[in-house]
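Chemist: Quick one: sequence and predicted model below, then my questions.
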Amino acid sequence: MAGEVLVVAEQTGGAVKRASLEAMTLGARVAGELGSGVAALVAGEGAEAAAGPLGAHGAAQVVTVAVDTADPNAWAHAVAEVATSRGATLVLLAHTARGKDLGPRIAGLLQAGMASDCVDLSVDGGRVVAKRPIYAGKALVTVTGAGESLVASVRPNAMRPEEAAAAGEVVTAQAAAPAQGLGAVLLEIMAAAHKKLELTEADVIVSGGRGLKGPEHFDMIEALAKELGAAVGASRAVVDAGWRPHSDQVGQTGKTVSPQLYFAIAISGAIQHLAGMRTSKYIVAINKDPEAPIFKLADYGIVGDAFEVVPALTEAVKKLKAATV
């Protein structure tokens, strides 16, 4: 039997990130193909509360570790210690900002191969094979580790989290973090002043591009998003121009999203942007250029001036909502 699959989950106050639940779902599936066990590792304040959702999404066991997750070095040492003690040969984590920092550290400590930004994993001849995009998502390549162990990060929204038939048990592990050489110590967690819908968690996203001509015109994007209960996104050109913060950027160098509904407004559809939203279930494009590349990907397209179409669409949504109350 192959070694255990260990999924490293991120949580805040007991709420597990959706991307970690996706990695948990994938980990459970791969463990089934390997004929091995699967466990989740969760750390930080609220870890015990996070155990329930992880068990519900496929973890046979949920290991909670008391370690300061503010320092990736300490967290990586704790993960490596648990993985070694449990005989895990595959470590999975979400390809988030924290996962990008944590994954290579874990791989280095375990002397394992690292496959990053994976969209799927499978088993071939008893070995785990990872599939990841290259060339801005235009092609996929399959990779595997040279040794016995592999660390892989899973692209957020590459799959949907699925609940398992039976919940796992909670186990507390004593993992010693290094006492020296830590780069940071967590003193306080401060909540954001304004609660903003996270792009990677949103079911509906309204994104604006350079065709809006200025940051002041994002008011109409925000108005439509408000009526739809959606998050607001932006193209790279908009972010580079300083119209919107980088946290709003959708694309290869921004965030990868996969909502149920994605509005691309005044966005031409450069490869960089398409790489971050092409897996959306339904895509609506609004652009005055009928030859814009975005129309080749869109499920619904409106050739027209965004300054006329978007306000009209917002009013139509308002009327529809009022009629259904």
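Modeler: Received the coordinates, thanks. Since the model is a prediction, treat every value here as computed from it, not as a measurement.
Chemist: what's in contact with the longest helix along the chain?
Modeler: The single longest helix within the chain, with elements called by DSSP state H, is helix 306-324. Applying C-beta atoms under 8 Å, 6 or more residues apart in numbering, the contact partners of helix 306-324 are 211-212, 217, 220-221, 223-224, 227-228, 265-266, 286-288, 302. Just so you know, the C-beta spots here come from the backbone N, C-alpha and C atoms, and that holds for glycine as well.
Chemist: ok, now stretch 211-223?
Modeler: Residues beyond stretch 211-223 that count as contacts (C-beta under 8 Å, 6+ apart) turn out to be 206-208, 232, 234, 238, 241-244, 265-268, 287-288, 306-307, 310-311, 314.
Chemist: Now list the buried members of these.
Modeler: 206-208, 232, 234, 238, 243-244, 265-268, 287, 306, 310, 314 (16 or more other C-beta atoms under 10 Å).
Chemist: if you look at those, which of them are in strands?
Modeler: Mapping the buried ones among the contacts of stretch 211-223 onto strands (DSSP state E) picks out 206-208, 232, 234, 265, 287.
Chemist: ok, those vs G14, which is closest?
Modeler: Taking C-beta to C-beta as the measure, G14 lies nearest V232 of those, at 27.3 Å.
Chemist: separation between the closest one and F307?
Modeler: Noted for V232: a distance of 17 Å to F307, by C-beta to C-beta, to the nearest Å.
Chemist: Pull out the buried positions in the longest helix of the chain.
Modeler: Judged by neighbour count (16+ other C-beta under 10 Å), helix 306-324 contains these buried residues: 306, 309-310, 313-314.
Chemist: quick revisit: tell me which two of the ones in strands among the buried ones among the contacts of stretch 211-223 sit farthest apart.
Modeler: Maximum distance among those (C-beta to C-beta): 17.8 Å, for V232 and N287.
Chemist: Hmm, L6 is touching V82, no?
Modeler: Yes: judged on C-beta atoms under 8 Å, L6 makes contact with V82 at a distance of 7.0 Å.
Chemist: Which one of the two is surrounded by more residues?
Modeler: L6 (28 against 22; other C-beta atoms under 10 Å).
Chemist: buried ones in stretch 158-167?
Modeler: In stretch 158-167, counting by 16+ other C-beta under 10 Å, buried: 158-159, 161, 164, 167.
Chemist: Also stretch 245-258?
Modeler: Neighbour counts over stretch 245-258 (16+ other C-beta under 10 Å) mark 248-252, 254-258 as buried.
Chemist: Save these as a markdown table, and put in distance to A97 and pLDDT too.
Modeler: Rendered in a markdown table, the data for the buried residues of stretch 245-258 read as follows (distance: C-beta to C-beta, whole Å; pLDDT from 0 to 100):
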| residue | distance to A97 | pLDDT |
| --- | --- | --- |
| D248 | 15 | 95 |
| Q249 | 13 | 95 |
| V250 | 15 | 95 |
| G251 | 15 | 90 |
| Q252 | 15 | 82 |
| G254 | 12 | 87 |
| K255 | 10 | 88 |
| T256 | 12 | 84 |
| V257 | 15 | 88 |
| S258 | 18 | 84 |
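Chemist: Switch those residues over to a markdown table; also include secondary structure.
Modeler: As requested, those are arranged in a markdown table below (DSSP: H, G, I helix; E, B strand; the rest coil):
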| residue | secondary structure |
| --- | --- |
| D248 | helix |
| Q249 | strand |
| V250 | strand |
| G251 | coil |
| Q252 | coil |
| G254 | coil |
| K255 | strand |
| T256 | coil |
| V257 | coil |
| S258 | coil |
